[in-house]
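1. got a predicted model here, sequence first, then my questions.
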Amino acid sequence: MSSFLKKIVAAFCAFLMICNFYMGYTNKVNADVNQIQDFVERNYEYILNRHSDPQGLATWTNLLQTGQMDAASVVIGFLDSEEYTKQNHSHGETVEILYRVMLSRTADPDGYNTWTGILDDGMSYSYLVNGFSGSQEFKNLCASYGINPGQITLVESRDANYLTTKFVSNCYSSMLGRPADRGGLNDWTLALNNHTVYPEEVIRGFINSPECASKTVSDDDFIVVCYKGILGRTPSNSEVQSWKDVLATSDRAFVIECFIASEEFSNTVAAYGMTFRPAPAPGYSYDTKMVALTFDDGPYSPVTNRILDVLEAYGGHATFFVVGNRVPYYTSCVTRAESLGCEVGNHTYDHRTTLTNMSAGSVRDEIVGCNNSITNALGHGPVIMRPVGGAYNATVCSNVDLPMINWSLDTQDWKNRNTDIIVSRILNNVRDGDIILMHDLYPATAAAMEIVIPELVRRGYTLVTVSELAEARGVDLQNGTVYTSFRP
Ligand code: ZN
């Protein structure tokens, strides 16, 4: 390195050190180190049930004091630790501990009952910590310490909608007699929130499970479980007796359907903010088998046109999720697709990375850019989009002003590029209401469509666009919501 460069580097380093010193100095003025240490110590004392070690205390205090971490993140770090999990605290104990740590006081009865109930209903510790850190009482404490209260980014499905989670948790406790496991709770709430299942189907899933059957050997037990699981209440003796009379001349499946069809269950579902599976649109029925073939990453005329040829020959429709910056080069593919009744959807402007890696502004730019390309080609914009790689998070959902369409059957054609594999993946797995993922970039995919499309038609499938499939199944697509299939 030349001596001139060395001088520049040295000057720059000196500048950085002055900046750091100045920032450190400013923080020292605003932050109350003793109070921050007390806060960190409370995390050790109440959550880990031991005193801090000097290094741990210094590290956490410094992270808070310099603003590198906020208070909520520190608390959840302690609460989600293996050391805390091993202590096996009840929900009530956890709430009491959080009052001590975050608010430096004991719980009032109302707060204790509310938060314990929320944990019992299946919400996570992160949700609980956010509740505390959002309170004015905690904000005031943090302001007096000179630290940032913060909020945890909620990533689990069970934290997305409290009422949905409460509904599923009640299914576990009343029909299986146990608390929900985290994985099961996340799976059911994701499916309910995305409308791939509906509450009446969740009820049937739980009550018909072997685990529930093993707990409802007697008719009395079965009827009580129907009341608690479906209607959320305990029956009177006369109610139990009247259903026993019904069971004498029918079977349990009939009784379950009577409960599901009751006005009381309808009110329960509404109280949870949910709806039943919508009836199919006029002219359709769930007996009409349908499938939505979807092609991403094009257009690319040598492949796209081959697929359009076979769709045209068999009167089928499909959906093409196009990359905006490719559209001007292959405009005729896009207009031909639409003229054949196919749908053109948005697959971002340049597909350079997943939307989850982007700021809110960049997400919007990617969507608007592709919308403009489609409008230039067709004279109107798309009504659906597919995120790159199917990846999404809260930022993506709130900045994409279109329904987001993922898939239920993945051919992995981009990886295998093998006609036989693509054909067998589809024909061995396809189900009514599936959305099938492919890419109109590979000749192997076009060759597979020349086999798959005639075979699906022979099996009685109607090949529809994603929008047609949703409409046929009575689903009103919502912006920012992710859909993976419209199976019955
Ligand atoms: Zn893609």
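-> Here it is on my side, so go on. Numbers count the residues shown, from 1 in each chain.

2. and the residue of the stretch 101-250 of the chain found nearest the ion, what does it touch?
-> Using C-beta to the ion, residue 194 is the residue of the stretch 101-250 of the chain that sits closest to the ion, at 20.2 Å. Any C-beta I mention is one placed from the backbone N, CA and C, and that applies to glycine too. Neighbouring residues of residue 194 by C-beta atoms under 8 Å, 6 or more residues apart in numbering: 481, 482, 483, 484.

3. doesn't residue 400 make contact with the second one?
-> Yep, that's residue 482 we're talking about. No: at 9.6 Å, residue 482 and residue 400 do not qualify as touching, with contact defined as C-beta atoms under 8 Å.

4. show me the strands in the stretch 201-350 of the chain, by range?
-> Along the stretch 201-350 of the chain, counting by DSSP state E, counting those that start in this stretch, strands occupy 290-296, 319-322, 343-346.

5. for the stretch 201-350 of the chain, just list every one of the helices.
-> 210-213, 219-226, 237-248, 252-261, 263-271, 301-314, 331-339 (DSSP state H, counting those that start in this stretch).

6. how about those helices in TSV, adding mean pLDDT?
-> Formatted as TSV, the helices of the stretch 201-350 of the chain follow (pLDDT from 0 to 100):
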stretch	mean pLDDT
helix 210-213	93
helix 219-226	96
helix 237-248	95
helix 252-261	94
helix 263-271	96
helix 301-314	96
helix 331-339	96
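
7. out of those, which comes closest to residue 138?
-> Closest to residue 138 of those, according to C-beta to C-beta: helix 263-271, at 30.6 Å.

8. pull the contacting residues for the residue nearest to residue 401 when sequence neighbours are not counted.
-> Excluding the flanking residues, the one nearest residue 401 by C-beta to C-beta, 6 or more residues apart in numbering is residue 479, at 5.1 Å. By C-beta under 8 Å, 6+ apart, residue 479 lies in contact with 400, 401, 402, 403.

9. repeat for residue 273
-> Residue 273 sits next to 161, 163, 164 when contact means C-beta under 8 Å, 6+ apart.

10. need the residues of the protein near the ion, please.
-> The chain comes close to the ion at residues 296, 297, as judged by C-beta under 5 Å from the ion.

11. and with 6 Å instead?
-> Counting by C-beta under 6 Å from the ion, the positions of the chain adjacent to the ion are 296, 297, 347, 351, 388.

12. partners of the first one in the sheet?
-> With DSSP bridges applied, residue 296 shows beta-bridge pairing to residue 321, residue 439.

13. so what's it up against?
-> 321, 347, 386, 437, 438, 439, 440.

14. got these as CSV, with neighbour count and pLDDT columns?
-> Converted to CSV, these look like this (neighbours: other C-beta atoms under 10 Å; pLDDT from 0 to 100):
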residue, neighbour count, pLDDT
321, 27, 98
347, 25, 98
386, 26, 98
437, 22, 98
438, 29, 98
439, 19, 98
440, 30, 97
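
15. number of nearby residues for the residue in the stretch 351-488 of the chain that the ion sits nearest to?
-> Proximity of the stretch 351-488 of the chain to the ion (C-beta to the ion) peaks at residue 388, 5.1 Å away. Neighbourhood size, residue 388 [other C-beta atoms under 10 Å]: 23.

16. please enumerate the strands of the stretch 1-150 of the chain.
-> Using DSSP E, counting those that start in this stretch, strands in the stretch 1-150 of the chain do not occur.

17. quick one: low-confidence ranges for it?
-> For the stretch 1-150 of the chain, residues meeting the criterion pLDDT under 70 lie at 1-30.

18. now the helices for it?
-> Secondary structure of the stretch 1-150 of the chain (DSSP H, counting those that start in this stretch): helices at 3-30, 33-42, 54-65, 71-79, 82-85, 91-98, 109-120, 125-133, 136-145.

19. buried sites along the fourth one?
-> The neighbour-count criterion (16 or more other C-beta atoms under 10 Å) identifies 71, 72, 73, 74, 75, 76, 78, 79 as the buried residues of helix 71-79.

20. for the fifth one, same thing?
-> By neighbour count, with 16+ other C-beta under 10 Å as the criterion, the buried positions of helix 82-85 are residue 84.

21. now find how far off-centre it is within its chain.
-> Put simply, helix 82-85 sits 26 Å off its chain's centre (C-alpha atoms, centre = their mean, to the nearest Å).

22. could I have that helix exported to CSV, CA atoms only?
-> Output of helix 82-85 as CSV, limited to C-alpha atoms (Å, rounded to 0.1, in the frame of the first residue of the first chain):
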residue,chain,number,x,y,z
GLU,A,82,-33.5,-23.9,26.9
GLU,A,83,-32.7,-23.0,30.5
TYR,A,84,-36.1,-21.5,31.0
THR,A,85,-38.0,-24.2,29.0
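
23. as TSV, the helices of the stretch 201-350 of the chain with mean neighbour count would be great.
-> Shown next, in TSV, are those (neighbours: other C-beta atoms under 10 Å):
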stretch	mean neighbour count
helix 210-213	12
helix 219-226	18
helix 237-248	13
helix 252-261	15
helix 263-271	14
helix 301-314	18
helix 331-339	19
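
24. export these to JSON lines and tack on distance to residue 456?
-> Compiled in JSON lines, these are given as follows (distance: least, C-beta to C-beta, whole Å):
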{"stretch": "helix 210-213", "distance to residue 456": "34"}
{"stretch": "helix 219-226", "distance to residue 456": "40"}
{"stretch": "helix 237-248", "distance to residue 456": "43"}
{"stretch": "helix 252-261", "distance to residue 456": "32"}
{"stretch": "helix 263-271", "distance to residue 456": "35"}
{"stretch": "helix 301-314", "distance to residue 456": "9"}
{"stretch": "helix 331-339", "distance to residue 456": "18"}
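
25. re earlier: now, of the contacts of residue 479, which are buried?
-> 400, 402, 403.

26. now the first one: how far from residue 78?
-> Which is residue 400. The gap separating residue 400 from residue 78 is 35 Å, by C-beta to C-beta, to the nearest Å.

27. same thing with the second one?
-> According to C-beta to C-beta, residue 402 and residue 78 sit 40 Å apart.
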